[in-house]
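*Asks:* based on what follows, work out the 3D shape:
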Amino acid sequence: MNMLKIKRIYEKPDKSDGMRILVDRLWPRGLTKEGARIDEWMKEIAPSDALRKWFGHKEERWDEFKKRYIEELKKNKLTKELESLSKQRTVTLVYAAKDEKRNNACVLQEFLKREEANSMTDRTQTLDLRPMPPFERHEKIFQIWDTLKSGEALKIINDHDPKPLWYQFEVEYKDKYEWEYEQKGPNDWIVRIKKV
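*Replies:* Numbers count the residues shown, from 1 in each chain. Prediction:
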């Protein structure tokens with residue numbers, strides 16, 4: 001994700017906002033379209049009228065509002081459009097609520113960031129080396145490595161510390177990978193190797 005920010009619509013617009021998207025169902029009071037400097041108004045990504053009215057910005061309903069709104073977002077196709085836009089440029093989700101910590105833009109931002117993190121997790125292949133003969137292991141690792149795209153990762157599970165493999169990556173792929181131990185023994189070692 002490039003950058004996804006949130007901002008109250010009554011704050012002064014700034015160049016660093018990038019694309020400004022209003023994510024409220026109702027137009028903010030007292031603002032003209034020129035004054036708001038909105039690039040797009042995504043009414044349909046806002047909470048449903050029924051949910052918005054039920055919440056009424058009552059603090060004691062916040063946790064339940066979040067749960068219900070997230071369920072609505074899971075079914076909303078516009079979330080994919082927002083994800084795509086925010087990968088290409090800075091996007092600022094603009095809202096009118098007075099409460100800067102408890103509003104639909106906060107929930108939407110959190111939802112989109114979680115979706116991105118989940119999609120990154122999904123881009124990891126796992127290779128269990130333990131049942132393989134040792135002489136076949138490195139060859140198999142590099143066969144899979146060559147098929148990975150930038151941002152994708154290979155998780156290997158091994159019966160010893162794969163330090164020799166790390167040395168090989170340092171020689172052949174310096175600055176083109178990230179090496180992270182997820183488990184260091186005593187019986188199994190798990191390493192996530194991400195292509196950058």
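
*Asks:* quick check: the residue most central in space within the chain vs Gln109, distance?
*Replies:* Geometric centre of the chain, nearest residue: Glu116, 2.3 Å, by Cα atoms, centre = their mean. Look at Glu116 and Gln109: by Cβ to Cβ, to the nearest Å, they are 11 Å apart. C-beta here means a position set from N, CA and C on the backbone, and glycine is covered the same way.

*Asks:* ok, and what's touching the lengthiest helix in the chain?
*Replies:* Ranked by residue count under DSSP state H, the longest helix found in the chain is helix 104-121. Residues outside helix 104-121 that contact it (Cβ atoms under 8 Å, 6 or more residues apart in numbering) are 1, 4-6, 23-24, 45-47, 52, 65-66, 69-70, 73, 79, 82-83, 86, 93-95, 97, 151.

*Asks:* at 6 Å what do you get?
*Replies:* By Cβ atoms under 6 Å, 6 or more residues apart in numbering, the residues outside helix 104-121 that reach it are 1, 4, 6, 23, 46-47, 66, 69-70, 73, 83, 93, 95.

*Asks:* next secondary structure after it?
*Replies:* strand 124-128 (DSSP states H and E).

*Asks:* buried stuff in that next one?
*Replies:* By neighbour count on 16 or more other Cβ atoms under 10 Å, the buried set for strand 124-128 is Leu127.

*Asks:* residues contacting Tyr181?
*Replies:* Val191.

*Asks:* which phi and psi does it have?
*Replies:* phi -80, psi 130 (degrees, to the nearest 10).

*Asks:* would you map the strands across the chain?
*Replies:* In the chain, the strands defined using DSSP state E lie at 3-8, 19-22, 40-41, 90-95, 124-128, 153-158, 177-184, 189-195.

*Asks:* okay if I get these as a markdown table plus mean pLDDT?
*Replies:* A markdown table is the format used below for the strands of the chain (pLDDT from 0 to 100):
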| stretch | mean pLDDT |
| --- | --- |
| strand 3-8 | 92 |
| strand 19-22 | 96 |
| strand 40-41 | 96 |
| strand 90-95 | 95 |
| strand 124-128 | 90 |
| strand 153-158 | 94 |
| strand 177-184 | 93 |
| strand 189-195 | 94 |
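
*Asks:* ranking those by burial, who's on top?
*Replies:* Of all the strands of the chain, strand 90-95 has the most neighbours on average by mean count of other Cβ atoms under 10 Å, namely a mean of 24.

*Asks:* list the neighbouring strands of that one plus their orientation.
*Replies:* Here strand 90-95 has these sheet partners by DSSP bridges: strand 3-8 (parallel), strand 19-22 (parallel).
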